[in-house]
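Novice: Mind folding the following:
(one chain, ligands or ions: 1)
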Amino acid sequence: MKDKDALFKGSQAKEYALFNRAVPHHDDFQRTVGRLVNSSIIRPAAAKGKKATLAEGGIGTGCTLSMVLDETGMLAGVERLYAVDVSPAMVDICRRDFAIPQIEFVTADLLSFFGGSAPTLDGAYSAYTIHNLPQVDQVPIFKAIYAKLKPGGCFVDGDLLAYQDPELQRSVFQWQQDMVRKNLPPELAEQWIDHYNQDALRYFTAEQLLSVLSGIGFTARVEYREKLEAVILARKP
Ligand SMILES: C[S@@+](CC[C@H](N)C(=O)[O-])C[C@H]1O[C@@H](n2cnc3c(N)ncnc32)[C@H](O)[C@@H]1O
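Specialist: You can find the predicted model right below:
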């Protein structure tokens, strides 16, 4: 079992440390997701005398999952957490590292999971995942999550979002690229910068994402904003 203090060993530990140097608010961002999962999904279920059923979309190597474990006292108050990723390699890593009975690992695309086999959920969350898809493919996922949430259920979406003001976006994006160049070995820095450049084409602005989510039916607001990172809390009325 892995908790936040033992986060990642070997090459994963090195990558995690590098990421935190290039994105110094990374832990705050991930912790905000964990805190909101606890306060907006698990505690409201507990207040009704129930255990929560929820899902994480895009577990990767488990950074967000670690924060959720930390913020929820190792899933106290959770009946079932579906931990979903399209990559079998990522699911294998997390299955090895997070041997917790309430977690059910699922190798699936988010749309097929939320649009298909997922049960009705008290909540869903995701971090650094949905922006990897073209905008046109992000919207059906938001709709599928909405459809699977119980009334009052919440979706916590931590992701990279652009600023509406082009000059602000340019300067924040430049800051992020400078931080990558300053803190990472040159070859790795160039790979990350390529990745940021490709990703940036798919970023929603916070305003666009709030508008998409409210068009679907969510009541949504920005709970955290630092540089390119943002955490949105979206509630199904
Ligand atoms: C950048 S990682 C983020 C992992 C973790 N939340 C974190 O913050 O470290 C994104 C993960 O989403 C997964 N992913 C990307 N597109 C997906 C999709 N359409 N369906 C399911 N998983 C997806 C990738 O395989 C990857 O493991």
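Novice: For this structure, what lies in contact range of the ligand?
Specialist: Proximity of the chain to the ligand is assessed by CB under 6 Å from any ligand atom, with 58-60, 63-64, 84-87, 90, 109-110, 127-129, 132-133 identified as the residues in range. Placement of C-beta: from N, CA and C, glycine included.
Novice: Repeat the analysis, applying 8 Å as the threshold.
Specialist: When proximity is defined by CB under 8 Å from any ligand atom, the chain lies next to the ligand at 30, 56-65, 84-87, 90, 108-111, 113, 126-130, 132-133, 137, 141, 158.
Novice: And the residues you listed, which of them are buried?
Specialist: Restricting the residues of the chain next to the ligand to buried positions leaves 30, 56-65, 84-86, 90, 108-111, 113, 126-130, 132-133, 141, 158, with burial counted as 16 or more other CB atoms under 10 Å.
Novice: on that earlier part again, so which of the residues of the chain next to the ligand are in helices?
Specialist: The helices, defined by DSSP state H, take in 30, 63-65, 90, 110-111, 137, 141 from the residues of the chain next to the ligand.
Novice: Could you pull out the buried residues of the lengthiest helix in the chain?
Specialist: Selection of the longest helix in the chain by residue count, based on DSSP H, yields helix 166-183. Of the residues in helix 166-183, those with enough neighbours to count as buried (16+ other CB under 10 Å) are 169, 172-173, 176-177, 179-180, 183.
Novice: What of stretch 152-160?
Specialist: 153-160.
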